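Asks: the sequence and its predicted three-dimensional model are supplied below.
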Amino acid sequence: MKKQKLRTGIVGSGFSASFHVEALRRVYGVEVEITGVYSPRREHREAFGKKNDIEVADTLEALIDTSDVVHICVPPAAHEPVAVQALEADKTVIIEKPFTGYFGPAKGKAAEESVDEARGEAGFSGDTFPREQGLEEALGSVRRLLAAEQRSKGQIFYAENWVYAPAVQKEREIIEKTGAQILWMHGEESHSGSHSQYYGIWSHSGGGSMIGKGVHPLTAALYLKKVEGRMRGGGPIRPQSVSARTHAITRSENFIDKGHQRTTYTDIEDFAAIHVVFEDGTFADIFASELVLGGVHNWIEVSANNHRGICNINPNTAFQTYNPREEYFNDIYVVEKTGTKQGWAFTSPDEDWFTGYQHEMEAFYRAAAEGQPVEADSMLAGDTIAVVYAGYLSAERKGAEVEVTRV
Ligand SMILES: NC(=O)c1ccc[n+]([C@@H]2O[C@H](COP(=O)([O-])OP(=O)(O)OC[C@H]3O[C@@H](n4cnc5c(N)ncnc54)[C@H](O)[C@@H]3O)[C@@H](O)[C@H]2O)c1
């Protein structure tokens, strides 16, 4: 492949911006020049720039101007406005999960300084707004993003790393080469609670466990049915209906808090179960929660008519350690969100590799350089949001089945 240089701008200077930069530095197929970082607070963007040896842009416009590819590493409520602005400037955008959503009347207002005020602001509560309205507004946001992509010379790449995780890509290969039919998938993303200050406030995050965590295994499931349909020479096998339940255990008066789970969620659920039926009648069950101890619990299992595959995203058993004393491992990164480093641990030798971050970035940059489509495209992203918000409507109806709208 002919090497080409692409200029990259990072929007956001928090957790995801950091792992995007790490992954960008592992891209080998295309030459990447990180031209700058922008986030609303000067001191944060300057600290990020200094730490990562990246120039700092003082406005979003300036960052977009100097970039070919814009990374959207900002809270979900800001995904649409930032992405549309970059697409209108004919730039390709890499949008973090979740693609978009419904954030109440303060939609799009996600500047860092507004986080505290957003708690209970404008009378909006994620606990009480009508889910039918949430579904319509979320679909509206998806449609605006797809329309902006249509008008643009740029593309939307949906940064769902599970699609590119080596275990999921190996499952793709098995489906494609053996002509497998997937009968049932079940998957989960859970841990003891997010640390992002935006997580837990519906007006910033667009929901709780279902959207914040569930989208990872859900998108992987939608992707694998897309692969199966494509392998048969047809279009993707798309989601048709969903039944879901949500619960807010850490906010319930019966919860006995021993201090191991985060308990500061404002107006979101901390558990979700989603049952998705595909148009061929096969199905997937997805669990997502903030209730599970022992580090992240991220996996998807595929039961096909000719094989079974268990994709352990994290943890996995590539390397295990036994540590008799906590302090021995003070300087050792073990595995995401584990509560202790003492005793036996699933110490990950390269967590970013297993989660697919570098594979995702390599695929995106090759596609951007060649103007090729990607596996995690805007249709997959849009389907994920259509399922999630149909799921919230179903949960409001205590699990009644809701049709998934085609976007
Ligand atoms: N794929 C994954 O594994 C993964 C993991 C964590 C987070 N994420 C996603 O990444 C996104 C960001 O999450 P995070 O954990 O990095 O959050 P964070 O709180 O660590 O950082 C958010 C950054 O966005 C900036 N910001 C806020 N409002 C903005 C606006 N209107 N315009 C520009 N910048 C703005 C903030 O200043 C901050 O720098 C979310 O969509 C989240 O779901 C994905």
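Replies: Yep, it's here.
Asks: residue 139: neighbouring residues, count only.
Replies: 20 (other C-beta atoms under 10 Å). For the C-beta atoms, the positions are set from N, CA and C on the backbone; glycine is no exception.
Asks: state the pLDDT value of it.
Replies: Per-residue confidence (pLDDT) for residue 139: 98.
Asks: ok, the one 10 residues further on next?
Replies: On the pLDDT scale, residue 149 is placed at 98.
Asks: show me what residue of this structure gets nearest to the ligand.
Replies: The nearest approach of the chain to the ligand comes at residue 14, 2.1 Å away (C-beta to the nearest ligand atom).
Asks: contact partners for that residue?
Replies: Going by C-beta atoms under 8 Å, 6 or more residues apart in numbering, residue 14 touches 39, 44, 73, 196.
Asks: the ligand next: which of these are close?
Replies: For the ligand, the contacts drawn from the contacts of residue 14 by C-beta under 6 Å from any ligand atom are 39, 44, 73, 196.
Asks: which of those count as buried?
Replies: Using 16 or more other C-beta atoms under 10 Å as the burial test, those include 39, 44, 73 as buried.
Asks: tell me the contacts of the residue nearest the centre of the chain?
Replies: Per C-alpha atoms, centre = their mean, the C-alpha nearest to the average position across the chain is that of residue 97, at 2.9 Å. Counting by C-beta under 8 Å, 6+ apart, residue 97 makes contact with 158, 159, 160, 215, 216, 219, 384.
Asks: could you pull up phi and psi at it?
Replies: phi -80, psi 150 (degrees, to the nearest 10).
Asks: so how far is stretch 322-337 from its chain's centroid?
Replies: Its chain's average C-alpha position is 27 Å from that of stretch 322-337, according to C-alpha atoms, centre = their mean, to the nearest Å.
Asks: residue 340 - nearest residue in space that isn't next to it in sequence?
Replies: residue 326 (6.5 Å; C-beta to C-beta, 6 or more residues apart in numbering).
Asks: check residue 393 too.
Replies: The shortest distance from residue 393 to any residue other than its chain neighbours is 4.2 Å, reached at residue 131 (C-beta to C-beta, 6+ apart).
Asks: just the element for residue 51, please.
Replies: helix 42-52 (DSSP states H and E).
Asks: in a markdown table: the buried ones among the ones next to the ligand among the contacts of residue 14, plus pLDDT and distance to residue 364.
Replies: A markdown table is the format used below for those (pLDDT from 0 to 100; distance: C-beta to C-beta, whole Å):
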| residue | pLDDT | distance to residue 364 |
| --- | --- | --- |
| 39 | 97 | 21 |
| 44 | 97 | 25 |
| 73 | 98 | 14 |
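Asks: wait, a helix at residue 183?
Replies: No. With DSSP: H, G, I helix; E, B strand; the rest coil as the criterion, residue 183 is assigned strand and is not in a helix.
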